[in-house]
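sequence and predicted structure, then a few things I'm wondering about:
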Amino acid sequence: MVAAATFAQPTPGENDGKADPRLIVPLDLPTADAARSMVRSLGDTVSFYKVGLELFATGDGMSLARELKAAGKQVFLDWKLHDIGATVQRAAAVLAGSGCDFLTVHGEPQVMASAVRGRGASNLKILAVTVLTSLTDEDLIETGYHETARALVERRIHQAIATGCDGVIASPHEAALARALGGKDFLVVTPGVRPDWSAKNDQARAATPLDALRAGASHIVCGRPITAANDPQAAARRVAGEMSGA
């Protein structure tokens, strides 16, 4: 049973002028209870959350996702599905029934096409992961690729469009490329967003919130500058304030 009362229920217009729907905050926390506490701390300053593999591994990831949806939040399932086509298709079909908003899959043609088939007529948006934002050109060479991160991102954007994906995950440095190739309605979700006043952490290809949006991002993912702050709500407001200039 979904614990719909875990978070305060929004009333019509409650978030007007407070939460920027382009800001996605990742709940990369060790337990679902810690994630719930963070959501309560952020209150109505954030309306879109990412539930990733760490919470999935706890066994409570989907329960938390359903609670967030019941509370009127948008939910991004960042699970980066990567398996044979039939398995990805079945998994996407199950997740399409959750009411969640975004789902990531790895940017390989068979995987992307299978996820699109699996989601069917639901509103679940399939986003292809192009190149992880922690990877540099040197990392790709070591992995066995013979092209730069930008070239690989470009190839995978073309493939995502051809297979019917709704958008891509791309670093702020490739957001303009994704926007140019995908058009105005294409979703371009950029992790690796770090305000000037925060540490870059493990993001090799980072940019500020404003720069990412100006480059063409439709959504930004900003985590530790908000969730690791002494006052997460104040940090979220500060990031949203910077975004308002785009």
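Noted; the coordinates are in hand.

distance of G245 from I161?
Counting by Cβ to Cβ, to the nearest Å, the gap from G245 to I161 is 29 Å. Where you see a C-beta, it was placed from the backbone N, CA and C, and this is true even at glycine.

go on, N123?
19 Å.

in the longest strand along the chain, what counts as buried?
Longest strand in the chain, counting residues (DSSP state E): strand 74-81. Buried residues in strand 74-81, defined by neighbour count with 16 or more other Cβ atoms under 10 Å: 74-81.

can you put the residues you listed in CSV and add distance to V129 and pLDDT?
Shown next, in CSV, are the buried residues of strand 74-81 (distance: Cβ to Cβ, whole Å; pLDDT from 0 to 100):
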residue, distance to V129, pLDDT
Q74, 19, 98
V75, 17, 98
F76, 12, 98
L77, 13, 98
D78, 9, 96
W79, 10, 95
K80, 6, 95
L81, 10, 97
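
which among those gets closest to R194?
Closest to R194 out of those is D78 (17.7 Å), distances taken as Cβ to Cβ.

contacting residues for that closest one?
Contacts were defined as Cβ atoms under 8 Å, 6 or more residues apart in numbering; by that measure D78 touches 26, 50-53, 102, 104.

let's see that with 6 Å instead.
Contact analysis of D78 by Cβ atoms under 6 Å, 6 or more residues apart in numbering lists 50, 52, 104.

SS state for the residue located most distally from the centre of the chain?
Distance from the centre of the chain peaks at H146, with 27.4 Å (Cα atoms, centre = their mean). Three-state call for H146 (DSSP: H, G, I helix; E, B strand; the rest coil): coil.

count of residues packed around the residue nearest to A246 when sequence neighbours are not counted?
The shortest distance from A246 to any non-neighbouring residue, by Cβ to Cβ, 6 or more residues apart in numbering, is to L213 (3.5 Å). Neighbours of L213 under the rule other Cβ atoms under 10 Å: 26.

is L213 in a helix, a strand, or coil?
helix.

so it makes contact with S244?
No: with contact defined as Cβ atoms under 6 Å, L213 does not count as touching S244 (9.7 Å).

specify the beta-bridge partners of T104.
L127 (DSSP bridges).

got the contact list for G118?
89, 92-93.

most neighbours among these, which one is it?
Highest count within the contacts of G118 by other Cβ under 10 Å belongs to A92, 23 neighbours.

surely that one is within a helix?
Yes: assessed by three-state DSSP, A92 belongs to a helix.

look up the closest residue to it, ignoring the ones flanking it.
The shortest distance from A92 to any non-neighbouring residue, by Cβ to Cβ, 6+ apart, is to G118 (2.9 Å).

CA atoms only: put stretch 154-169 into PDB for me.
Output of stretch 154-169 as PDB, limited to C-alpha atoms (Å, rounded to 0.1, in the frame of the first residue of the first chain):
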ATOM      1  CA  GLU A 154      26.400  12.900 -31.300                       C
ATOM      2  CA  ARG A 155      26.200   9.300 -32.600                       C
ATOM      3  CA  ARG A 156      24.000   8.200 -29.700                       C
ATOM      4  CA  ILE A 157      21.700  11.300 -30.100                       C
ATOM      5  CA  HIS A 158      21.000  10.300 -33.700                       C
ATOM      6  CA  GLN A 159      20.300   6.700 -32.600                       C
ATOM      7  CA  ALA A 160      18.000   7.900 -29.800                       C
ATOM      8  CA  ILE A 161      16.000  10.000 -32.200                       C
ATOM      9  CA  ALA A 162      15.800   7.100 -34.700                       C
ATOM     10  CA  THR A 163      14.500   4.600 -32.100                       C
ATOM     11  CA  GLY A 164      11.800   6.900 -30.800                       C
ATOM     12  CA  CYS A 165      13.300   8.000 -27.500                       C
ATOM     13  CA  ASP A 166      11.900  11.200 -25.900                       C
ATOM     14  CA  GLY A 167      15.300  12.700 -25.100                       C
ATOM     15  CA  VAL A 168      18.800  12.000 -23.800                       C
ATOM     16  CA  ILE A 169      21.000  12.400 -20.800                       C
END
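
no further questions, thank you.
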